[in-house]
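Student: the sequence and its predicted three-dimensional model are supplied below.
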Amino acid sequence: MEKRGRGEVIETAREARQGYLDRPVLVVLVASVALALVALGFLWLTA
């Protein structure tokens, strides 16, 4: 991260991103979606 004289911060596109899909984040995302689908399927079948 580079700063200019007036306190302005210059960032690359990669640095400007707040986050990226690293492996643990992707695992949590896939697991939570799968669990939600299983729960909805269970509710649909028992209703």
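Tutor: Everything's here; your move. Numbering: from 1, shown residues only.

Student: model confidence over the longest helix along the chain, on average?
Tutor: Longest helix of the chain, by residue count under DSSP state H: helix 23-46. Averaging pLDDT along helix 23-46 gives 94.

Student: ditto for stretch 6-17
Tutor: On average, stretch 6-17 scores 78.

Student: run the chain-centre distance for that stretch.
Tutor: 20 Å (CA atoms, centre = their mean, to the nearest Å).

Student: next one: stretch 25-45
Tutor: With CA atoms, centre = their mean, you get 16 Å for stretch 25-45.

Student: what do you get for stretch 8-23?
Tutor: 13 Å.

Student: swap in stretch 30-47?
Tutor: Centre to centre, stretch against its chain (CA atoms, centre = their mean), the figure for stretch 30-47 is 21 Å.

Student: kindly export that stretch (C-alpha atoms) in PDB.
Tutor: Extracted as PDB, the C-alpha positions of stretch 30-47 are listed here (Å, rounded to 0.1, in the frame of the first residue of the first chain):
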ATOM      1  CA  VAL A  30     -20.700 -24.700   0.500                       C
ATOM      2  CA  ALA A  31     -21.500 -26.500   3.700                       C
ATOM      3  CA  SER A  32     -24.000 -23.900   4.800                       C
ATOM      4  CA  VAL A  33     -25.800 -23.900   1.500                       C
ATOM      5  CA  ALA A  34     -25.900 -27.700   1.500                       C
ATOM      6  CA  LEU A  35     -27.300 -27.800   5.000                       C
ATOM      7  CA  ALA A  36     -29.900 -25.200   4.100                       C
ATOM      8  CA  LEU A  37     -31.000 -27.300   1.100                       C
ATOM      9  CA  VAL A  38     -31.200 -30.400   3.300                       C
ATOM     10  CA  ALA A  39     -33.300 -28.600   5.900                       C
ATOM     11  CA  LEU A  40     -35.600 -27.200   3.200                       C
ATOM     12  CA  GLY A  41     -36.000 -30.600   1.600                       C
ATOM     13  CA  PHE A  42     -36.800 -32.200   5.000                       C
ATOM     14  CA  LEU A  43     -39.400 -29.500   5.700                       C
ATOM     15  CA  TRP A  44     -40.900 -29.900   2.200                       C
ATOM     16  CA  LEU A  45     -41.100 -33.700   2.500                       C
ATOM     17  CA  THR A  46     -42.700 -33.700   6.000                       C
ATOM     18  CA  ALA A  47     -45.200 -30.900   5.500                       C
END
